[in-house]
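whatever this is, show me its structure:
(chains A and B)
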Amino acid sequence: MRRIARLPKLPGLSIPPGTNHLGSEVPKPLVIVESPAKARTISKFLGSGFHVEASIGHVRDLPASADDIPKSHRGKPWARTAVDVQNDFKPLYVLTQRGREQIKKLKTMLRDASVLYLATDEDREGEAIAWHLTEALKPKVPIQRLVFHEITKSAITRSLQSARPIDMNLVEAQEARRIVDRLFGYNVSPVLWKKVKPRLSAGRVQSVAVRLVVERERERMRFVSSGWWDLTAGFKAAEAFAGTLVEVDGTRLATGRDFEPTTGKLKTAKAIVLDEAGAEALATALRGGTAKVLRVQRRPFREKPAAPFTTSKLQQEANRKFRWAAKRTMSVAQRLYENGWITYMRTDSTTLSPEALNAARTLIKSAYGAAFLPAKPRVYATKSKGAQEAHEAIRPAGESFKSVDDCARALGADEARLYGLIWNRTVASQMTDATGERVSVDTEANRQGRTGLFRTRGKTYDFQGFRAVYVRERNVRDEENELPKLADGQVVSVESVHTKGHTTSPPSRLNEASLVQRLEELGIGRPSTYASIIETIQSRGYVFKKGTALIPTFTAFATTRLLEDHFNSLVDYDFTATLESGLDQIAAGTGQRLALLHAFYGGQGDRTGLLQLIAAAEKSADPRDICSIPIGTHDDGAVVARVGRYGPYLEHAGTTRSLPEDMPPDELTLAKAIEIIETVPDGPTALGQDPDNGDEITLHIGRFGPYVQRGEAVGKVKPKRESLLPGMEPDAVGLAMALQLLALPREVGKDADGNVIQAFNGRYGPYIKCNGESRSIPAEKGLLTLTEAEALALLATKPRRSRTPTVLKELGVENDKKIQVKSGRWGPYVTDGETNATLKKGTDPETLTLEEASTLLAAKRAKGPAKKRTRRKSTTKKKTTRRSTKSS
DNA sequence: CAGTGAGCGAGCTTCCGCTTGACTT
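All right, here's what the predicted structure looks like:
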């Protein structure tokens, strides 16, 4: 059943109103689009009879964090996910920060509007934005939905004739998508916090992206390299040409593809491998004789131009040709779009509007000639899964394409470069095929009982076609290679034979471009999100870049393991595709949102729901096991890489060694791991001898950072040790400084009663102590230079924190309890002596009323008593004793 | 992979997809 929102009918408004005959303002239609740049363009087409304004994306969403949850819902069990799973998965929406500002503005404009046109994009998200706008604006004027797939005057004029109501089926599909993503992300992430590390994240898109990067690394780790040799021969007929050995004594010669990547062994019995000696023997046998051309094959070929740019293809090409990161490409494209040089840059469509086709064809004919213009415009089918095609392909804007030189003058070098790429790709996509001929020549050398078959490939173009404008980089390798004229049976001389060694290489790492390409092929992620997916997986510590290569961390290995073992159906490469087909049914009115959500969350038939998966993982996933990446066995003991609280480390038979954070996992071979295990950590650096007694002064790097030491431990008696002061670089510490440090505590002076004031370098930094009282030394004073006067001044100040937090304000008494605002470790909070409640961010403690305070306390009491800490004691202890060892 | 001084309410983290922010030079 198709469900369409019931909306008031549009009154007869065929002529856009402007001013009446008296010249006074009369209401105008208000048109809302998604982006300000689009609003400016459309405004030009529609003229002064319309107001055009942007929503600037979504205006409402599920609250992202605790601060965004409205007071009315705090404390509810589903407040954190903001999806009431018990009550038909009802979502809780709040205005976003920008949404609040924009809605305020739009409400004001709406007061003088005759009709509201919602002209957001025609896809799930655009329909949802339109619906959210009506929910937030609650307009009293008629509402109509306008859609156009291209920003041209004719398309917009046409859309006014075919306005329609909001399609609630599309909105429901969007909500289902949103809710699935929220339930997945906000329920699976906490499992990672418990089993791997806090602040990690999991999601429908990012977890697959991480998995793809991890998978590739695993392939590299499993890879076993192999080697083979071949020959190249130089022949001469009327002209010289070269050939590569393909057969030896009638048997095909093995090449890289013939080796099993995980074993390095030959996959087929039908090919033979030449080693160096074998290659050398064959070369010796064949050298100096003649060879016969067995056959010359000529095959004509055609090459078609590539489709116009989608977002992902633009990112891929800019990455290949300019080595730009996705983020850079998108920000340059944004500037081109905002300044009217290109059409919208976040699209999955390869379609060109009639306007664009006309522009391209006119240009091709005049600039390149009729031979480069096909009889009919080329049409490209969009191949990517789940494409929503709300926009055109990315192309130069307008009815005729402006030149790259003009772009360079108007904007910058980057903009002109990217514009040139888009210009070329768009124009080339509407040009004729390139045609040419491929030639393959087989030449057989036969001497001293040995036979070698050599192959030579040639390629020539007889018409360049689209290649005159745009060549994909991978075609650069297929450069033209013209061969001499040769005939079957012709005898040629063998001028030279060389041997050449090869080794197979592991599959190359993914980079931004190839990861985006894989995601797009799988239908995962949207054009507007490709760049941010890459940002996310890096900022969560799953992936880091080395050059352009994406390398997974050990954390990524642990997380992926956990997800594969316990949430396999969710990180399956087909999960999104299956979800999308369910969403399509909802959008078409043949599927139910509620049924989809129930199946996903609670399970259905033999499909386990999210809820059960979570429960099972909480119970059975063993954190130690999950965080272990087996490397191999050494001396009958397992060598394991582990993800630890303070970073990755290696363990073998009770010995641990930390691993560098940026160590590529595939470089951690068993041999390398054993080497690390067996390397005793860097010993101390000798700084010199104590002039008083000749003791060795040494610099060490310890668990809490760098420190200096005098002498060696004698039995159980430990030598004198002292930490470097905050901000001191270990490299900059010489003998003199070490001696000064080892002389601590330093006597600064005496107080009025004659008590000694001493300066120490302590756990929390430098401090002074006098008569049982201590004060921290401010960073700008310096432990070694502090004067007696300064020390006395410090002692005169109040201790920085007393046992009880400072009372900021007395609010009064309620139920015999004093209500106070205190300053605590996490900011100001109110307390009645029993219950404490932190003030919301941005609340001024000075202006807080008793009433507000008691509401806060009541809300807090409603949540029940604070949970007992269940953390292991050792970890809390470690946490409190941890001290920053960063020195800069 | 060192032990040197004190201490104070726990609560938040996280998803994907739309879209631009800009105290000044």
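
quick one: low-confidence ranges for the stretch 351-500 of chain A?
Counting by pLDDT under 70, the stretch 351-500 of chain A contains low-confidence ranges at A:473-479.

close to DNA strand B: what parts of it are there?
Where proximity means C-beta under 7 Å from any atom of the strand, the interface of the stretch 351-500 of chain A facing DNA strand B comprises A:Gln388. Heads up, the C-betas are built off the backbone N, CA and C, glycines and all.

the helices in the stretch 351-500 of chain A, which residues?
Applying DSSP state H, counting those that start in this stretch to the stretch 351-500 of chain A gives helices spanning A:354-368, A:404-410, A:413-429, A:473-476.

residue nearest the centroid of chain A?
The residue at the geometric middle of chain A, judged as the C-alpha nearest the mean C-alpha position with C-alpha atoms, centre = their mean, is A:Ile534 (1.5 Å).

residue in the stretch 751-888 of chain A nearest to DNA strand B?
The minimum distance from the stretch 751-888 of chain A to DNA strand B, using C-beta to the nearest atom of the strand, falls at A:Tyr764 (1.8 Å).

tell me which helix or strand in chain A has the weakest average pLDDT.
When each helix and strand of chain A is scored by mean pLDDT, DSSP states H and E, helix A:873-881 comes last, with a mean of 33.

quick revisit: for A:Val830, which of the helices of the stretch 351-500 of chain A is the nearest?
For A:Val830, the closest of those is helix A:413-429, at 52.7 Å, according to C-beta to C-beta.

which parts of the closest one are buried?
Within helix A:413-429, the residues that qualify as buried by neighbour count (16 or more other C-beta atoms under 10 Å) are A:414-429.

let me know the closest of these to A:Leu786.
Checking the buried residues of helix A:413-429 one by one against A:Leu786 (C-beta to C-beta), the nearest turns out to be A:Asp414, at 52.9 Å.

isn't that closest one up against A:Ser331?
No: the pair A:Asp414 and A:Ser331 does not pass the contact test of C-beta atoms under 8 Å, sitting 9.0 Å apart.

how close does A:Thr856 get to A:Ala79?
Just so we're on the same page, residue A:856 is Leu rather than Thr. The spacing between A:Leu856 and A:Ala79, counted by C-beta to C-beta, to the nearest Å, is 16 Å.

swap in A:Leu231?
Taking C-beta to C-beta as the measure, A:Leu231 and A:Ala79 are separated by 73 Å.

same deal with A:Leu724?
A:Leu724 sits 47 Å away from A:Ala79, going by C-beta to C-beta.

out of those two, which sits in the more crowded spot?
When neighbours are counted by other C-beta atoms under 10 Å, A:Leu724 and A:Ala79 differ, and A:Leu724 comes out ahead with 21 against 17.

excluding chain neighbours, what is closest to the more buried one?
The spatially closest residue to A:Leu724, leaving aside those adjacent along the chain, is A:Pro706, at 4.8 Å (C-beta to C-beta, 6 or more residues apart in numbering).

hang on, the one you found in a strand?
Yes: with DSSP: H, G, I helix; E, B strand; the rest coil as the criterion, A:Pro706 is located in a strand.

so what sits opposite it in the bridge?
A:Pro706 has the following beta-bridge partners by DSSP bridges: A:Ile701.

I'd say it and A:His700 touch.
Yes: when contacts are counted by C-beta under 8 Å, A:Pro706 is listed as touching A:His700 (6.9 Å).

name the residue in those two with the higher neighbour count.
When A:Pro706 and A:His700 are compared on other C-beta under 10 Å, the one with more neighbours turns out to be A:Pro706, at 18 against 15.

run the chain-centre distance for the helix or strand that contains A:Ala791.
With the criterion set as DSSP states H and E, the secondary-structure element containing A:Ala791 is helix A:788-796. Relative to its chain's centre, helix A:788-796 lies at 52 Å (C-alpha atoms, centre = their mean, to the nearest Å).

just the CA trace of the following helix or strand past that helix, in PDB.
Using DSSP H and E, the helix or strand that follows helix A:788-796 in sequence is strand A:806-814. Presented in PDB, the C-alpha positions along strand A:806-814 are these (Å, rounded to 0.1, in the frame of the first residue of the first chain):
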ATOM      1  CA  THR A 806      35.400  24.400  46.900                       C
ATOM      2  CA  VAL A 807      31.900  25.700  47.600                       C
ATOM      3  CA  LEU A 808      31.000  28.100  44.700                       C
ATOM      4  CA  LYS A 809      27.600  29.100  45.900                       C
ATOM      5  CA  GLU A 810      25.100  28.300  48.800                       C
ATOM      6  CA  LEU A 811      21.700  27.900  47.200                       C
ATOM      7  CA  GLY A 812      19.700  27.300  50.400                       C
ATOM      8  CA  VAL A 813      18.100  24.500  52.400                       C
ATOM      9  CA  GLU A 814      15.600  22.000  51.100                       C
END
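
quick one: distance of the helix or strand just after strand A:806-814 to the chain centre.
Past strand A:806-814, heading to the C-terminal end, the next element that is a helix or strand (DSSP H and E) is strand A:817-824. Between the centre of strand A:817-824 and the centre of its chain there are 44 Å (C-alpha atoms, centre = their mean).

which helices and strands does the helix or strand just after strand A:817-824 pack with?
Tracing the chain C-terminally past strand A:817-824 and defining elements by DSSP H and E, one meets strand A:827-831 next. For strand A:827-831, the packing partners by 3 or more C-beta pairs under 8 Å, 6 or more residues apart in numbering; DSSP states H and E come out as strand A:817-824, strand A:836-838, helix A:850-862.

show me what counts as buried in strand A:827-831.
Judged by neighbour count (16+ other C-beta under 10 Å), strand A:827-831 contains these buried residues: A:828-831.

what about the closest residue to A:Lys107 other than its chain neighbours, distance to A:Asp123?
For A:Lys107, the nearest residue in space outside its immediate sequence neighbours is A:Leu137; the separation is 6.1 Å by C-beta to C-beta, 6+ apart. Applying C-beta to C-beta, one obtains 21 Å for the distance of A:Leu137 from A:Asp123.

quick one: the residue nearest to A:Lys107 and DNA strand B, what's the gap?
When C-beta to the nearest atom of the strand, to the nearest Å is applied, the distance between A:Leu137 and DNA strand B equals 16 Å.

neighbours of the residue in the stretch 551-700 of chain A positioned nearest to DNA strand B, how many?
When C-beta to the nearest atom of the strand is the measure, the stretch 551-700 of chain A has its nearest residue to DNA strand B at A:Ser658, with 5.0 Å between them. Other residues near A:Ser658 number 13, with proximity taken as other C-beta under 10 Å.

need the contact list for it.
Each residue near A:Ser658 by C-beta atoms under 8 Å, 6 or more residues apart in numbering is listed here: A:646-650.

now, which of those lie within strands?
Using DSSP state E, the members of those that fall in strands are A:647-650.

which of those residues has the most neighbours?
Scoring the ones in strands among the contacts of A:Ser658 on neighbours with other C-beta under 10 Å, the highest-scoring entry is A:Pro648 at 23 neighbours.

and it, what does it touch?
Contacts were defined as C-beta under 8 Å, 6+ apart; by that measure A:Pro648 touches A:553-555, A:641-642, A:658-659, A:661, A:663.
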